[in-house]
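A.B. asks: how would this look folded up:
(3 chains)
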Amino acid sequence: MTTTRSMPVGTGSPGRASIAARTLRKDNWWRAPLVTFILLAAWVIYATVRVFFQSAYFAPSEHYLSPFYSPCVTSSCQNGSAELGTWFGHFPIIIPYAIITLPFLLGFRLSCYYYRKAYYRAFWLSPPACAVAEPHGSYSGETRFPLIVQNAHRYFWMVAALISILNTWDLIQAFRPEGHAFGFGLGTFVMLVNVAMLWLYTLGCHSCRHITAGRLNHFSKHPVRYRAWTWVSWMNARHMQFAWASLATLALTDGYIALVAAKIIVDPHVSF
Amino acid sequence: MTYDAHFRVWRGDADGGDLQDFTVEVNEGEVVLDIIHRLQATQANDLAVRWNCKAGKCGSCSAEINGRPRLMCMTRMSNFTEDETVTVTPMRTFPVMKDLVTDVSFNYVKAEQIPAFAPPEGVAPGEYRMAQVDVQRSQEFRKCIECFMCQNVCHVIRDHEENKEAFAGPRFFIRAAELDMHPLDAGTDRAEFARDAQGVGMCNITKCCTEVCPEHIKITDNAIIPMKERVVDRRYDPLTILARKVRGKK
Amino acid sequence: MPEIETHSYDVLVIGAGGAGLRAAIAARQEGLSVGIVCKSLFGKAHTVMAEGGAAASMGNVNPHDNWMVHFRDTMRGGKFLNSWRMAELHAKEAPDRVWELETYGALFDRTPEGKISQRNFGGHEYPRLAHVGDRTGLELIRTMQQKIVSLQQDDARAAGQQTGASHDKLRVFAETTITELLRDESGAVAGAFGYRREDGGLLVFRAPAVIIATGGIGKSFKVTSNSWEYTGDGHALALRAGSSLINMEFVQFHPTGMVWPPSVKGILVTESVRGDGGVLRNSEGKRFMFDYVPDVFRDQYAKTEDEGDRWYTDPDNNKRPPELLPRDEVARAINSEVKAGRGSPHGGVFLDIASRRSKEFILRRLPSMHHQFMELADVDITREPMEVGPTCHYVMGGIEVDPDTGAAARVPGLFAAGESSGGMHGSNRLGGNSLSDLLVFGRRAGLGAAEYVKGLGGNRPAVPEAQVAAAEQVALAPLQRTEGENPYALHAELQQTMNDLVGIIRNADEMQQALDRLDTLKGRAQHLAAAGDRRFNPGWHLALDLRNMLAVSECVARAALLRQESRGGHTRDDFPAMRAEWRAKNLVCTYPEGGGGHVEIVEQPMVPMREDLLALFEKKELAKYLTDAELATIPETHGGDK
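C.D. replies: Residues are numbered from 1 along each chain as shown, chains lettered A, B, ... in the order given. Alright, predicted model coming up:
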């Protein structure tokens, strides 16, 4: 996206009011990008560690499967966790067990219109905050490779929606603990909240909004799609909140299941 | 309730200038523009400032107050503490004319490049029928008062003078979106226009335009992103490209 | 300094508000080249401040509406002092002008059938105002601004350009002010002289036709809803060029302006608040407007709160609440309540919509009012009442024009439209009639000017060099004085004078005092000095505007002193009644040659109303306005629409 150059550019360009400061903002404008940076980085580190951890992701008696391992499709998967069957042989340590979904989930979040704002600001400082000069010499936005790939967001969304169905399936399994027709525990509740957040985030996607009815110019001729659009728009207006909430619940869900699977804590549970 | 405030106001022209210090009276309920007017009337008669309505409806008095783009007439002095220095500068993306006044002709040139609304053929004046749900998206964008603060804050041109040629800016993305979503516009394809002539692809949706909009228009979510998605339909999504070909759309 | 820049056009339009832009569109569509002079940036004109809507009897919401009802409402609102021909043209043509805007791309709010929605407003019998929330003026200005660009794009295409716009035949001179009209020896318009704000460069426009569309005069008053541009430039230009102003004593004080905090005092609170259900209360919580319904309107307004409230949902069987009386009545009533000690804490009254409509309704119908009060006064209008009081809003008086063509009296080649022209609104303008006025008479002035220019053939008046030199001298004088009067201080004194002495309630003593003070101010204005140079120098600009404000203020004060009655926007406590003998007269204001710089006012009889228009009123109603002699000629069986 950028290269560095040291000519007088930007607000220092000839003809503009000569003010030396990069910004005259006095508020703590650096706080939001810094917090974003820290939280996103922490999450990525946690997720990376967990994805390659390859244990403590499934609690067999409660039937809890971590979202980072869904679907588990290799022969290495723990007994009972491969709900969709075993598609591959043993994976080496460098390949995550949920290899068929994780790249799409990563792509979905990376190309998400909200996260783009977040990491362009916090990681690339382009710009770090409004009316604060960015440190790059030139800029071409999303017009060239690789960033032009952001335009594929709707395809990532479609796959992500399918994966949300899978997460919902995992949740249903968590209501059917080992040896019982029905049951639930605190973990079920944690997974329920997570799945709800995933749906609120996924369905509030800008591409989803476009596909439901955003691309139409006559809402009045498509009342059902228009109704759907108003719901999606409601979620879309809170896309940032759901993006963060779902990141948090993903980590919490995985963490909780890890603790239960590793028998560090005991899941409060009722079964019938 | 009256006190003396410390102001720093940029004075100068395209050849140079600097922040000058003033001490000036402030009364209850006043806005920054009142203080600038008091400076003008009592200490700096020729201080250049652009303003019209003083009610947040015309979008003339855009400036940067403590580094943030604001309408001077809508920024109340009660936002600041009595001992706080208030710094007022012209918008820093456009060439300065004098003091707080900038040359915003960039925006008028961009406006002239957008193909105008084209009335539908065979529909007589008075026969236009449009449902409220179909016009209200475009109506949101028509709330724009052309204060040009979104243009000013956009880093694509604020930090990169060389992009001014190829990039139309948020104000004109909402204009393109308004026309593209207009239920009766018979004009050219605005999405293609947004991509080819306006440079919508250069926008990295960092949302500063939405943050500064005094009319609270959801520029990014309701105009720019929908336009980007409409561009995807035409240029990047093989399925929609195919579908459009089959249905005979360009 | 560089020499004077010269431009030539067939038609020069001074003013880029609604009327000016509509005139420019009309003249350009007639094939003429048009220059538009715009005091601010293009698209910032005062028209953006109009909130409520444009009155046009399209009958979309109530099918009983038609031009005759609109005509009657307009004449009643103006207390029959209107130019009836203008009121007729306005009522007949307004719907076409509004519909035309849709073909330019305007997006009005819609009815469930998809037509243009219409809202209730003071003095209008039916819901009549085409609107976009409470930002209709913005929609008008933006629509016409974009239409101008679209015409420039057409010109570019015709010239073989692929994209962009051509300024050859239609050009906007932004941030440019005209200080003088130029005329040839015969007195016909030859052009105009002015300066550009950016660099102080001087300009001469050669044009055989000039259309004045400069708006109003509100900046002569302290408490006003008007922006800085409203300094009566067009009024004064016409006066100095030998034309005449009529009805200048009629200044509309909008009943509802903000009263607190002091720095926003005067900012408009739209009449739509009342049209959509808001009511006025005094400090005792009483809806006092029921006590202020004048006899002429007694039959048309509700007598009880219940009936008034029922009217919003069932207008066919109930009468409208008196909060929706014409603006002059409401403004006077508020003034009386405050004087009687029943005002709100900051010297206004309460305007309450919070207790009467849901939060959602208020946010949808009055979004910018909600925003305005929230940002400027910390008042949430969905939860608490607003405090409001009268504010100088509009001048009914203006350049005397031919109703059909907009041609100004006494000066060939001069035209006027919009607020700067007079007659259309009589003694009081109805809300919503000004946006439609701009469209109807803007177009007519554009066509009138085009016809005039075509009629001249090649015989165009020449610009006399001596006038240019004189204009230059006047324009630069404040910059050449190193010491003298501070324009800002003088302006503040003028505003205080007009506000205190020629304000909403007037009497002879105070107006005489005002005239004396104006005389002194005029003398001091000879010594205005502007510090700094010619580049974007507001002190200099104000010094030049002050000359116009003083001339216009004098017209207002003198005419107001002469008119010994109370009518519409002219209320005298020494002559509190409306007097029929004054109805048939216009007061005409001119600048006589050799008059020592004083304006002169003469009475001028009005043309009697055409019979078919007179027949639209019942004799009973006419009796409230006409003199006995006039009434004697009207048969008992006369008129009415029933």
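
A.B. asks: chain B: helices as residue ranges?
C.D. replies: Using DSSP state H, the helices of chain B run over residues B:32-42, B:105-113, B:132-142, B:149-153, B:155-158, B:170-181, B:190-196, B:208-212, B:225-235, B:238-246.

A.B. asks: list phi and psi for the residue nearest the centre of chain A.
C.D. replies: Centroid-nearest residue in chain A: residue A:109, 4.4 Å away (criterion: CA atoms, centre = their mean). According to degrees, to the nearest 10, the main-chain angles of residue A:109 amount to phi -70, psi -40.

A.B. asks: with the one 10 residues further on instead?
C.D. replies: Residue A:119 adopts backbone torsions of phi -80, psi -30, taken as degrees, to the nearest 10.

A.B. asks: tell me, how many residues neighbour residue C:52?
C.D. replies: Neighbour count for residue C:52, taken as other CB atoms under 10 Å in any protein chain shown: 28. Every C-beta, even on glycine, is put in place using the N, C-alpha and C of the backbone.

A.B. asks: cool, residue C:455 as well?
C.D. replies: Neighbour count for residue C:455, taken as other CB under 10 Å: 9.

A.B. asks: flag the shaky bits of the chain, pLDDT-wise.
C.D. replies: Here I'm looking at chain A. A:1-8 (pLDDT under 70).

A.B. asks: to clarify, I was referring to chain C.
C.D. replies: Where chain C drops to pLDDT under 70, the residues are C:1-2, C:640-642.

A.B. asks: if you set the cut-off to 80 instead, what comes out?
C.D. replies: Across chain C, the ranges flagged by pLDDT under 80 are C:1-2, C:594-597, C:636-642.

A.B. asks: gap between the closest residue in space to residue C:271 that isn't next to it in sequence and chain B?
C.D. replies: In space, and not counting its chain neighbours, residue C:271 is closest to residue C:431: 4.5 Å by CB to CB, 6 or more residues apart in numbering or on different chains. The gap separating residue C:431 from chain B is 17 Å, by CB to the nearest CB, to the nearest Å.

A.B. asks: would you agree residue C:431 is in contact with residue C:328?
C.D. replies: No - if you go by CB atoms under 8 Å, residue C:431 and residue C:328 don't touch, sitting 11.4 Å apart.

A.B. asks: in contact with the residue of the stretch 451-600 of chain C found nearest chain A, which residues are there?
C.D. replies: The minimum distance from the stretch 451-600 of chain C to chain A, using CB to the nearest CB, falls at residue C:536 (13.6 Å). Applying CB atoms under 8 Å, 6 or more residues apart in numbering or on different chains to residue C:536 gives the contacts B:48, B:97, B:98, B:99, B:101, C:197, C:198, C:199, C:200.

A.B. asks: which of those ranks first by neighbour count?
C.D. replies: For the contacts of residue C:536, the largest number of neighbours (other CB under 10 Å) sits with residue B:99, at 30 neighbours.

A.B. asks: wait, it touches residue B:11, no?
C.D. replies: Yes - the pair residue B:99 and residue B:11 passes the contact test of CB under 8 Å, sitting 5.1 Å apart.

A.B. asks: between those two, which contacts overlap?
C.D. replies: B:17, B:47.

A.B. asks: let me know how buried the closest residue to chain C within the stretch 51-200 of chain A is, in neighbour terms.
C.D. replies: Going by CB to the nearest CB, chain C is nearest to residue A:130 of the stretch 51-200 of chain A, at 19.5 Å. Neighbour count for residue A:130, taken as other CB under 10 Å: 24.
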